[in-house]
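Asker: For reference, the sequence and a predicted model appear below.
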Amino acid sequence: MNKLQNNKAWLFVLPVFALVAFNAIIPLMTVVNYSVQETFGNNEFFWAGVMWFEEILNSERFHASLGRQAIFTASILAIEMPLGVAIALTMPRKGPWVSVCLVLMALPLLIPWNVVGAMWNIFALPDIGFLGYTLNSLGIDFNFTRQPEDAWFTLILMDVWHWTSLVVLLAYAGLSSIPDAYYQAAKIDGAGSWAIFRYIQLPKLRRVLTIAFLLRFMDSFMIYTEPFVLTGGGPGNSTTLLSIDLVKIALGQFDLGPAAAMSLIYFLIILLLSWVFYTVMTRNEEQ
Amino acid sequence: MAKITLDDLRHAYVPNPAGPDDYALKQLDVSFEDGGAYALLGPSGCGKTTLLNIISGLLAPSHGKVLFDGEDVTGLAPDQRHIAQVFQFPVVYDTMSVYDNLAFPLRNRGVAEADVDKKVREIAAMIDLEETLQNRASGLTADGKQKISLGRGLVRDDVNVIMFDEPLTVIDPHLKWQLRSKLKELHQRVKRTMIYVTHDQTEALTFADKVVVMNVGQVVQIGTPVELFETPSHEFVGHFIGSPGMNILDCEVRGGKAFFQGQEVEAANAGAVKVSDSGPLRLGVRPEFVSLADSGIEAEVVKVSDSGRYQIVETRVGDAPVKLLVNEGVEIPTGKTALSFRADRTRIYRDGWLVASGETR
């Protein structure tokens, strides 16, 4: 390749680079700075090397929250992705009900996150909450503030309620962009509804579903506000996800070094997994 | 294989059509003979695609019947009518190979895999896709994808009619010609009924044995390309087909003779014009049948443009423009000149329609 190198192009990228440096790279570097130092207050810092990283990576506590985080994210992805596609498939494609459905679907997305947590907290309370009270009066012993399984159930139900809409809206947009000719051709070719889904709708949804999957993966892996308001990580540590644990270390115990090291590990895990998912999901597209 | 008959067919997209203007298709009674190559030709919005979708069963007509070999199929779904359709934009199943695309209609119908394989290979050879059979369909060029669409129609033995909805729209110009002759060749090999919708007269006239010309929801003429050219039965056919289109000139008829801008013109059907009928009378003559003469209709040359093989001469007779084609290399006079219209190719139209005479009907 003998393409002429035009280095002026860098000048155009420079403003964006400066902005990103200011709002992302510089704050990140302060975290890097904390992660390799030890302090005993008084604003005095001592070099600590990779000590905090070793400590975090070997800590049972970190393993436990990472495990809970993985279970949480895997569960909500396993529920929200198929459910979102299924709901999008049943939504009307034209007529007056389209806007009604879209507004109903968008509603959960418009509610502030801490309000979602508070709503579900009250909704699930065993003595006064509609859900909690109903379950108990049906003879099911339900108390999410005391029983870990009930806390998990409520947590996952809340996330599904809050975020399935995002998958629905993306999938719906993807479905609407499929030209009618595909459905007509499929009809003529004698394809049943499963074949239409498998060979037309799913392949055409591939891109939006990749986006939806990555968004839901990243958001759920970083989730903080809703579980914090709903369970506060409890009962015990049973719903202490990574971000809740991180805040406990950083702001509860004020261990800056370990918290910084954990932040970086946390960040790298999300980055790495996102890259792996993206690569796997788009590997067949270059043809 | 079937003869397709449209019986008193009408279609309106609005729920309660009040007048003729509400109908996208007005009163159609057309037959397509088994094994014929037909083109539906007309400007955008004339109802061609509506008609096509009614024949294929994607759309239910608001009135009338569709008959295949005399059997009423109006209520049947597309897959029960045994038809195939190639759409304007190529439809391929992206995740499948070319082979699986071609096999798809057969597998959906539960054909045994050995027969599927035999048929797919036979058709792939016919449409020159043998080498790319194992490639992914999404990687093919637009013309390759259109061949797949066509192939999915050809693999089935039960197909009554293959329909094409402006299939060359997205094909590169130099491949259009190739694909069109391929289509013509295929028609001669498989002898299936084909209906080809287009607004391009070249495509229609080269592909079809018979062309159905449509305008604002009705059929204006059905005929061979030669008939459409030589005896257009409606002014619309005259100026829609041909380049440039037919000259359409206001005229009068007195005592069995036609007068145009006060000058007498011989017309093939002038004798058939009845004075008792109403409606404006017009003279139609194609530029091919107008020539420069020493004496005749007085005219003035306005403009000459060169189209390669011909010179298109625009003249003015009184206040009416008349175009004529003159061979390359012939000197064109400037200013005043005289024109002659070929009498047997000059016809009179009343209210748009050809005035019937013994010679044309």
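Answerer: Looks like it arrived, so ask away.
Asker: show me the residues around the residue of the stretch 151-300 of chain B found nearest chain A that make contact.
Answerer: Here the stretch 151-300 of chain B gets closest to chain A at one residue, residue B:152, 6.0 Å apart by Cβ to the nearest Cβ. For glycine as for every other residue, the C-beta is placed from the backbone atoms N, C-alpha and C. Residue B:152 makes contact with A:185, A:189, B:84, B:101, B:102, B:104, B:105 under the criterion Cβ atoms under 8 Å, 6 or more residues apart in numbering or on different chains.
Asker: Narrow the residues you listed to those in strands?
Answerer: Cross-referencing the contacts of residue B:152 against strands under DSSP state E gives residue B:84.
Asker: and of the contacts of residue B:152, the nearest to residue B:114?
Answerer: residue B:102 (15.1 Å; Cβ to Cβ).
Asker: How many neighbouring residues does residue B:321 have?
Answerer: If you count neighbours by other Cβ atoms under 10 Å in any protein chain shown, residue B:321 ends up with 13.
Asker: And for residue A:182?
Answerer: Counted with other Cβ under 10 Å, residues neighbouring residue A:182 total 20.
Asker: Just the element for it, please.
Answerer: Per DSSP states H and E: residue A:182 is located in helix A:180-188.
Asker: could you say what helices and strands that helix packs with?
Answerer: helix A:193-196, helix B:78-81, strand B:83-86 (3 or more Cβ pairs under 8 Å, 6 or more residues apart in numbering or on different chains; DSSP states H and E).
Asker: any idea how far it is from the chain center?
Answerer: Distance of helix A:180-188 from the chain centroid (Cα atoms, centre = their mean, to the nearest Å) equals 36 Å.
Asker: now residue B:142: how far from residue B:127?
Answerer: Distance, residue B:142 to residue B:127, using Cβ to Cβ, to the nearest Å: 14 Å.
Asker: oh, I was asking about residue A:213
Answerer: Distance from residue A:213 to residue B:127, by Cβ to Cβ: 38 Å.
Asker: now swap in residue B:350 and tell me
Answerer: Residue B:350 is 48 Å from residue B:127, where distance means Cβ to Cβ.
Asker: cool, and residue B:322?
Answerer: With Cβ to Cβ as the criterion, residue B:322 and residue B:127 are 47 Å apart.
Asker: Residue B:23 contacts residue B:9, doesn't it?
Answerer: No - here residue B:23 does not reach residue B:9: they are 10.4 Å apart, not a contact under Cβ atoms under 8 Å.
Asker: can you list the helices and strands packed on helix A:180-188 in TSV and add distance to residue B:45, mean neighbour count and mean pLDDT?
Answerer: Listed next are the helices and strands packed on helix A:180-188 as TSV, based on distance: least, Cβ to Cβ, whole Å; neighbours: other Cβ atoms under 10 Å in any protein chain shown; pLDDT from 0 to 100:
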stretch	distance to residue B:45	mean neighbour count	mean pLDDT
helix A:193-196	30	13	90
helix B:78-81	23	18	82
strand B:83-86	20	28	88
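Asker: Where does pLDDT dip in the stretch 151-287 of chain A?
Answerer: Within the stretch 151-287 of chain A, the stretches with pLDDT under 70 are A:284-287.
Asker: try it again with 50
Answerer: For the stretch 151-287 of chain A, residues meeting the criterion pLDDT under 50 lie at A:287.
Asker: Get me the contact residues on it for chain B.
Answerer: Neighbours of chain B within the stretch 151-287 of chain A, by Cβ under 8 Å from any Cβ of the partner chain: A:179, A:181-182, A:184-185, A:187-192, A:195, A:199-200, A:203-204, A:287.
Asker: tell me the mean pLDDT for stretch B:206-214?
Answerer: Throughout stretch B:206-214, pLDDT has a mean value of 88.
Asker: ok, which stretches of the chain are helices?
Answerer: Defaulting to chain A. In chain A, the helices defined using DSSP state H lie at A:9-20, A:26-35, A:51-57, A:60-90, A:97-110, A:113-124, A:130-137, A:148-176, A:180-188, A:193-196, A:202-221, A:225-230, A:242-247, A:256-281.
Asker: my bad, chain B
Answerer: Taking DSSP H to define them, one finds helices in chain B at B:48-56, B:78-81, B:98-108, B:113-126, B:142-154, B:173-190, B:201-207, B:225-230, B:235-240.
Asker: for the shortest one, packing partners?
Answerer: Secondary-structure packing of helix B:78-81 (3+ Cβ pairs under 8 Å, 6+ apart): helix A:180-188.
Asker: Surely residue B:322 touches residue B:289?
Answerer: No - between residue B:322 and residue B:289 there is no contact under Cβ under 8 Å: 11.3 Å.
Asker: Surely residue B:172 is in contact with residue B:146?
Answerer: No - counting by Cβ under 8 Å, residue B:172 does not reach residue B:146; the two are 11.5 Å apart.
Asker: neighbour count winner among those two?
Answerer: More crowded of residue B:172 and residue B:146, by other Cβ under 10 Å: residue B:146, with 28 against 12.
Asker: Tell me the spatial nearest neighbour of that one, not counting adjacent residues.
Answerer: Distances taken as Cβ to Cβ, 6 or more residues apart in numbering or on different chains place residue B:90 nearest to residue B:146, at 5.0 Å, with adjacent residues excluded.
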